[in-house]
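Asks: generate coordinates for the sequence data below:
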Amino acid sequence: MGISPAVVQQLLDESLAHKCPDGSEVCVQVCAIANLPTRFGDYQVAAFWSPSDGKEHAAFVHGDVVDAEEVPVRLHSECLTGDAIGSLRCDCRDQLLESLERIGKMDRGIVLYLRQEGRGIGFVNKIKAYQLQDAGYDTVQANELLGFRADERDYAIAAHMLWALRVKSIRIMTNNPDKVKDLAEHGVKIVGRIPVVVPPNDHDRAYMQTKQAKLGHLLGLEQDDDWRGDSEASAK
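Replies: Next up is the predicted model:
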């Protein structure tokens, strides 16, 4: 059972009545919530608008998460090439599908889909980073050569989305310790971590090694000796 129609209306009314403080750097509004049957089970989709970044974000909700504790939550940043086209340069699509499938078998859970393409540098710059990686730079070096940090993402909007859904605490589905730290710094109560490790393919092996070696991702790949350099890595 998902969020009841009565509670859906409560959430929409609360969002409509919500006024962002003057000068607030982050704010989100719940605009609509609808049923969304999927191949992974019955979900509901909540459409969010953030005047802070001028973007639309989404929460894919399975079960009743309102006022719930220890809710499994996946924070997924948009990846057009991986999520929609099936690019093998990154593990983004694999992690998204794995998260949706696993949550669909649980009592409840959420996948937050955040519009932070290319670790927050945007689609055009992500493809520029791909060009640099084709020339032999790794994913971190490529971002830095373009004038960005290795990861430009921020999870303040994700925190506000969880508050708008009245989630009390979460078990975060991630391999990225920085994501845990950032979300906690924004005030989200995190009571556990659920790894989402998918096997590398021949095109993203070096990309995943770079995430582990340079960004501290917990991938458990230390025993894999079949790395081939990072020229085919992803900026995502």
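Asks: alpha carbons only for contacts and neighbour counts from here, please
Replies: Noted.
Asks: which element is the most centrally placed residue in the chain on?
Replies: Residue closest to the mean C-alpha point of the chain, counted by Cα atoms, centre = their mean, is residue 76 at 1.6 Å. According to DSSP states H and E, residue 76 maps onto strand 71-77.
Asks: centre of the chain to that strand, how far?
Replies: Distance of strand 71-77 from its chain centroid, counting by Cα atoms, centre = their mean, to the nearest Å, is 6 Å.
Asks: what of stretch 60-74?
Replies: Here stretch 60-74 is found 15 Å from its chain centre; the criterion is Cα atoms, centre = their mean.
Asks: list the contacts of the closest residue to residue 86 other than its chain neighbours.
Replies: Of all residues not flanking residue 86 in the chain, residue 93 sits nearest, at 6.7 Å (Cα to Cα, 6 or more residues apart in numbering). Applying Cα atoms under 8 Å, 6 or more residues apart in numbering to residue 93 gives the contacts 79, 82, 83, 84, 86.
Asks: quick one: pLDDT of residue 93?
Replies: pLDDT recorded at residue 93 is 96.
Asks: over to residue 229?
Replies: 30.
Asks: which of the contacts of residue 93 has the most neighbours?
Replies: residue 79 (28 neighbours; other Cα atoms under 10 Å).
Asks: can you tell me how far the residue lying closest to that one once chain neighbours are set aside is from residue 45?
Replies: Of all residues not flanking residue 79 in the chain, residue 117 sits nearest, at 5.5 Å (Cα to Cα, 6+ apart). Distance of residue 117 to residue 45, computed by Cα to Cα, to the nearest Å: 20 Å.
Asks: cool, residue 168 as well?
Replies: According to Cα to Cα, residue 168 stands 19 Å off from residue 45.
Asks: below-threshold pLDDT in the protein: ranges please.
Replies: Applying pLDDT under 70 to the chain flags the ranges 20-25, 220-236.
Asks: quick one: the strands in it, in order.
Replies: According to DSSP state E, the chain carries its strands in the segments 29-38, 41-50, 55-62, 71-77, 109-114, 170-173, 190-194.
Asks: residues in contact with the residue nearest to the centre of the chain?
Replies: 96, 111, 112, 113, 114.
Asks: so how far is residue 147 from it?
Replies: Separation of residue 76 from residue 147 (Cα to Cα): 24 Å.
Asks: one more: residue 15?
Replies: Look at residue 15 and residue 147: by Cα to Cα, they are 37 Å apart.
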